[in-house]
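>>> what's the 3D shape of this:
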Amino acid sequence: MRISPFKNMRTLLYASLLVCAFGGVFIGCKRITSNDVSGVYIRSSNGVADTILLATNGIFHQTITFTNGQQWSKTGSWSFAGEIVEFDTFYLAFDVPDFKYSPEMVIPPKALSMEELWVEKGRLSKRPDDLPWLKQEKGSHK
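Model (predicted):
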């Protein structure tokens, strides 16, 4: 009796699908959600702090504090799409010009009508070489 090669391939396909479907449960992998992304993020350089609070209800609050204590604040909405956080309004307080390694301050901050930031392992950033916002542990921020 000869076994059909298609039956073996079908069995292999089903086994692969089961591993993909249930493997994440056993390994602990899961998709990142907006609840995972929400929280407080801070980036700072040269005494300027840029703080973003991403609330679970889709509202964000951004505060930029300059070295002399002067502050600029924005409130708006945010959404999470795959690996990107999209803001409907934003302040840009730092800029990293091409071929430079350190950020330049933009004071007063530049008001933007929208912004997109990449999400990666507790960080938000505009570009891979940019100064990131780092997610703060609960209770570690003011």
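
>>> OK, contacts around the residue nearest to residue 115 when sequence neighbours are not counted?
The shortest distance from residue 115 to any non-neighbouring residue, by CB to CB, 6 or more residues apart in numbering, is to residue 90 (3.7 Å). C-beta: built from backbone N, CA, C; applies to glycine. Applying CB atoms under 8 Å, 6 or more residues apart in numbering to residue 90 gives the contacts 62, 74, 76, 111-112, 114-115.

>>> mind running it again at 7 Å?
Shown in contact with residue 90 (CB atoms under 7 Å, 6 or more residues apart in numbering): 62, 74, 112, 114-115.

>>> ok, of those residues, which come out buried?
62, 74, 115 (16 or more other CB atoms under 10 Å).

>>> hmm, who's touching whatever helix or strand the first one lives in?
This points to residue 62. Per DSSP states H and E, residue 62 falls inside strand 59-65. Contacts to strand 59-65, defined as CB under 7 Å, 6+ apart, come from residues 48-54, 71-78, 87, 90-91, 93, 109.

>>> and the furthest pair within the contacts of residue 90?
By the measure CB to CB, 62 and 114 form the most distant pair in the contacts of residue 90, at 13.0 Å.

>>> quick one on the thing from earlier: tell me which of the contacts of residue 90 is nearest to residue 127?
Checking the contacts of residue 90 one by one against residue 127 (CB to CB), the nearest turns out to be residue 115, at 12.2 Å.

>>> the closest one touches residue 84, doesn't it?
No - counting by CB atoms under 7 Å, residue 115 stays clear of residue 84, with 10.1 Å between them.
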